[in-house]
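Visitor: The sequence and its predicted three-dimensional model are supplied below.
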Amino acid sequence: MSRNAKIAAGGVAAGIILLIWLPWWAALLIVLGVPTAAYLMLDPSQRRRLRRVSRKELGH
């Protein structure tokens, strides 16, 4: 299992657990808000590097 697959599986598991404990809108807010907040905390150079790596993985 690749590193990205493990991260995705962990995210799905965390989302399911949050849906059990919280209303669906609160779980959705957390699942979408945490990665967005992490991205916004990056420096502009780190954001450029992340976008460049993401494009390479997509084959562009």
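Guide: Now that the structure is in, tell me what you want to look at. The model shown is predicted, which means the values in this text are computed figures rather than measured ones.

Visitor: ok, Met1 - contacts?
Guide: With contact taken as Cβ atoms under 8 Å, 6 or more residues apart in numbering, Met1 is in contact with Ala9. Every C-beta, even on glycine, is put in place using the N, C-alpha and C of the backbone.

Visitor: can you give me the helices in this protein?
Guide: Assigned by DSSP state H, the helices in the chain fall at 3-21, 24-40, 44-58.

Visitor: Can you lay out the ones you listed as TSV showing mean pLDDT and mean neighbour count?
Guide: Output for the helices of the chain, formatted as TSV (pLDDT from 0 to 100; neighbours: other Cβ atoms under 10 Å):
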stretch	mean pLDDT	mean neighbour count
helix 3-21	83	11
helix 24-40	85	11
helix 44-58	83	10
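
Visitor: Would you point out which residue is most central in this protein?
Guide: By Cα atoms, centre = their mean, the chain has its centre lying nearest to Pro35, at 4.4 Å.

Visitor: Gln46 versus that one, what's the distance?
Guide: 14 Å (Cβ to Cβ, to the nearest Å).

Visitor: And for Leu22?
Guide: 31 Å.

Visitor: ok, back up a step: and the residue nearest to the centre of the chain, what does it touch?
Guide: Applying Cβ under 8 Å, 6+ apart, no residues qualify as near Pro35.

Visitor: Check the one 4 residues further on too.
Guide: Contacts for Tyr39 (Cβ under 8 Å, 6+ apart) come out as Arg47, Leu50.

Visitor: repeat that for 10 Å
Guide: Taking Cβ atoms under 10 Å, 6 or more residues apart in numbering, we find Tyr39 in contact with Gln46, Arg47, Leu50.

Visitor: Quick one: residues in contact with stretch 15-22.
Guide: With Cβ under 10 Å, 6+ apart, stretch 15-22 has contacts from Trp24, Ala26, Ala27, Leu28, Leu29, Ile30, Val31.

Visitor: Quick check: the fourth one vs Asn4, distance?
Guide: Going back to what we said before, that points to Leu28. Leu28 is 22 Å from Asn4, by Cβ to Cβ.

Visitor: same deal with the last one?
Guide: The span separating Val31 from Asn4 equals 17 Å under the rule Cβ to Cβ.

Visitor: got it, and the fifth one?
Guide: The gap separating Leu29 from Asn4 is 24 Å, by Cβ to Cβ.
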